[in-house]
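Colleague: sequence and predicted structure are below.
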Amino acid sequence: MATEVETDKRSLILRSWATVQGIKDTASEFGEWVPMQISSDFNAALDALSKAGFDVDSFRAYNLEMGGTDHLGMPAPAIRRVILMSKVNGVLNYFTVAFAPDPLGPDVPSKKIGFVGPKREASNPSEPSAALALPL
């Protein structure tokens, strides 16, 4: 049975994965510039992964410029889509989809998805591991 900490980490990872994948899937709907809110959502997903123990700070999207426009057509902070997508693709490529044997037996493979990558050094050695794969 999963502990409360493991359940919280799974939730953080699943929500982060969904957010990053959603940004990737919808970024083409924007022109050259993607609104600051999307960049903020991406960074929030990285915050959650960081909280789950992953070192993902190098993927943060901070390249905001006054290139976008708001709903009134006024200049607004935005990030170039190509820059944001390079960060999104970087995160998705950094982590892998893990395939592991099913607990029912070695001859019954089951798909699992999760972030598997280098873990941040835990400040508290009693913290659980950051690697996590979830059954699909």
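Modeller: That came in fine, so what should we check first? It should be emphasised that the depicted structure is a prediction, and the values quoted were computed from it without experimental measurement. Residues are numbered from 1 along each chain as shown.
Colleague: where does the protein dip in pLDDT?
Modeller: 1-2, 5, 67-75, 96-136 (pLDDT under 70).
Colleague: again, only using 80
Modeller: Filtered on pLDDT under 80, the chain yields the residue ranges 1-7, 63-76, 94-136.
Colleague: let me see the ranges of the helices in the chain.
Modeller: Taking DSSP state H, the helices of the chain run over residues 4-26, 36-51, 81-94.
Colleague: packing partners for the first one?
Modeller: Read that as helix 4-26. Applying 3 or more C-beta pairs under 8 Å, 6 or more residues apart in numbering; DSSP states H and E, we find helix 4-26 packed against helix 36-51, helix 81-94, strand 134-135. C-beta: built from backbone N, CA, C; applies to glycine.
Colleague: let's see the first one as PDB, backbone CA atoms only.
Modeller: Okay, so that is helix 36-51. Only the C-alpha atoms of helix 36-51 are listed here, as PDB (Å, rounded to 0.1, in the frame of the first residue of the first chain):
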ATOM      1  CA  MET A  36       3.300  34.700 -19.900                       C
ATOM      2  CA  GLN A  37       0.600  32.600 -18.200                       C
ATOM      3  CA  ILE A  38       1.600  29.500 -20.200                       C
ATOM      4  CA  SER A  39       5.200  30.100 -19.200                       C
ATOM      5  CA  SER A  40       4.100  30.500 -15.600                       C
ATOM      6  CA  ASP A  41       2.100  27.200 -15.800                       C
ATOM      7  CA  PHE A  42       5.200  25.400 -17.200                       C
ATOM      8  CA  ASN A  43       7.300  26.800 -14.400                       C
ATOM      9  CA  ALA A  44       4.700  25.700 -11.800                       C
ATOM     10  CA  ALA A  45       4.900  22.200 -13.200                       C
ATOM     11  CA  LEU A  46       8.600  22.300 -12.700                       C
ATOM     12  CA  ASP A  47       8.100  23.500  -9.100                       C
ATOM     13  CA  ALA A  48       6.000  20.400  -8.500                       C
ATOM     14  CA  LEU A  49       8.600  18.200 -10.000                       C
ATOM     15  CA  SER A  50      11.200  19.900  -7.800                       C
ATOM     16  CA  LYS A  51       9.100  19.300  -4.800                       C
END
